[in-house]
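Participant: Attaching a predicted model along with its sequence, questions to come.
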Amino acid sequence: MRKVRARKKISQMGLFAATGLNRTFISELERGLQGPSLRTLIRIANGIRIHPNELIQETLDSPFFVAPTEDKVLRKRE
């Protein structure tokens with residue numbers, strides 16, 4: 001998210017203005033401390049003027065993104 005936002009030359013405050021999401025929350029999303037809901041993801045994508053699929057793909061392609069494995073998901077439910 002941060003990479004796309006920076007490439008579009010949009011500051012966190014600019015994204016706040018475009019989405020109404022708190023700047024601290026935006027920072028936490030970018031640092032991986034928060035996980036966005038689908039609604040939030042769409043608001044962010046609209047705020048940085050890209051399709052939500054592109055934002056998701058950028059995240060999946062990031063070397064910092066670690067997808068949960070099925071094993072980890074099952075352990076959390078137990």
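Facilitator: Yes, it's here.
Participant: nearest residue to Gly20 other than its sequence neighbours?
Facilitator: Spatially, and ignoring its direct neighbours in sequence, Gly20 is nearest to Arg43 (7.6 Å; C-beta to C-beta, 6 or more residues apart in numbering). For the C-beta atoms, the positions are set from N, CA and C on the backbone; glycine is no exception.
Participant: What is the burial count for Arg5?
Facilitator: The number of residues packed near Arg5 is 20, by other C-beta atoms under 10 Å.
Participant: Show me where this structure has its helices.
Facilitator: 2-7, 12-19, 23-30, 38-47, 52-61, 70-77 (DSSP state H).
Participant: Next, format those helices as a markdown table and append mean pLDDT.
Facilitator: Below are the helices of the chain laid out as a markdown table (pLDDT from 0 to 100):
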| stretch | mean pLDDT |
| --- | --- |
| helix 2-7 | 92 |
| helix 12-19 | 96 |
| helix 23-30 | 94 |
| helix 38-47 | 96 |
| helix 52-61 | 90 |
| helix 70-77 | 54 |
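Participant: tally of neighbours for the closest residue to Ser62 other than its chain neighbours?
Facilitator: Nearest residue to Ser62 in three dimensions, chain neighbours excluded: Lys3, at 7.4 Å (C-beta to C-beta, 6+ apart). Using other C-beta under 10 Å, the number of residues around Lys3 comes to 13.
Participant: Pretty sure Lys3 sits against Thr59.
Facilitator: No. Lys3 lies out of contact with Thr59 (C-beta atoms under 8 Å); the separation is 9.4 Å.
Participant: Count the neighbours of the closest residue to Ala45 other than its chain neighbours for me.
Facilitator: Leaving aside its sequence neighbours, Ala45 sits nearest to Pro52 (C-beta to C-beta, 6+ apart; 4.1 Å). Close neighbours of Pro52, defined as other C-beta under 10 Å, add up to 14.
Participant: Before I go, just wanted to say thanks for your time.
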